[in-house]
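Chemist: My questions concern the predicted model and sequence given below.
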Amino acid sequence: MLGSPAANTPEFREAFVRKCHRLLGIAYNKLDHASLRSAEETEITGELARTMEEVLDAIPPPRGMRNLVVFDDPPQNTGRRRGRKRLRVDIEVRAVEVGPKPRFRFEAKRLRSNRSISAYLGKDGLQMYIGGHYAAEQDDAGMLGYVQAGQPNAWAAQLDARLRTTPANHAVCVGGQWTSCSLAVEIATTFRSVHNRASVGRPVVVYHTLLDFQ
């Protein structure tokens, strides 16, 4: 999956995932959150990706991030669709290396109304990972929740409750229930869940980061 023997170790992958989340957190903290309170998901994602690129363009860039590149709305070359029909994940971070490039994907949804939980967990959200449409070659991926109403922890409780009451609908692994985790000091609200992927043949760890835009 990754370029060198060292890059194939779980320790390398964990460090890479943490690095991607730290880049996300640094960029998020630079945004004018209030100006995006009513913005569409694509606008927020565009601003977040643009700011992540600015962080990487700094001289020097943050420690350990010199080889990272950010892609906004990149097409996914899975072989299932071609040309303009290809699916597009919201943000992809790659490491520039010789050989296969380490990648981490973020799919984003707004959290603002009664329909938000279903959209976040649904066919265009979390199910894109569970179905193997995104990140099939990786064992981890990211979801972003753009909080535009209420509190991040309240949304986290709702997401947790939905996954616990209907685990089969979301292919939640035994022992893979929603739990809090910390990947970067710049981000206050991150959780993880683990899901089976029948089409891939192995589970995926999904990191859920809820970003407050109020």
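Modeler: Received it, and whenever you're ready, just let me know what you need.

Chemist: bridging residues for residue 192?
Modeler: residue 179, residue 207 (DSSP bridges).

Chemist: my read: it touches residue 208, true?
Modeler: Yes - in this structure, residue 192 sits in contact with residue 208. The criterion is Cβ atoms under 8 Å, and the distance is 7.0 Å. C-beta here means a position set from N, CA and C on the backbone, and glycine is covered the same way.

Chemist: Tell me which of the two has more neighbours.
Modeler: residue 208 (23 against 17; other Cβ atoms under 10 Å).

Chemist: My guess is the more buried one contacts residue 145. True?
Modeler: Yes - under the criterion of Cβ under 8 Å, residue 208 lies in contact with residue 145, with a separation of 6.6 Å.

Chemist: So for the two, which residues contact both of them?
Modeler: Applying Cβ atoms under 8 Å, 6 or more residues apart in numbering, one finds that residue 208 and residue 145 are jointly contacted by residue 159.

Chemist: who touches the most centrally placed residue in the chain in this structure?
Modeler: Per Cα atoms, centre = their mean, the C-alpha nearest to the average position across the chain is that of residue 142, at 2.2 Å. When contacts are counted by Cβ under 8 Å, 6+ apart, residue 142 touches 20-21, 104-107, 206-209.
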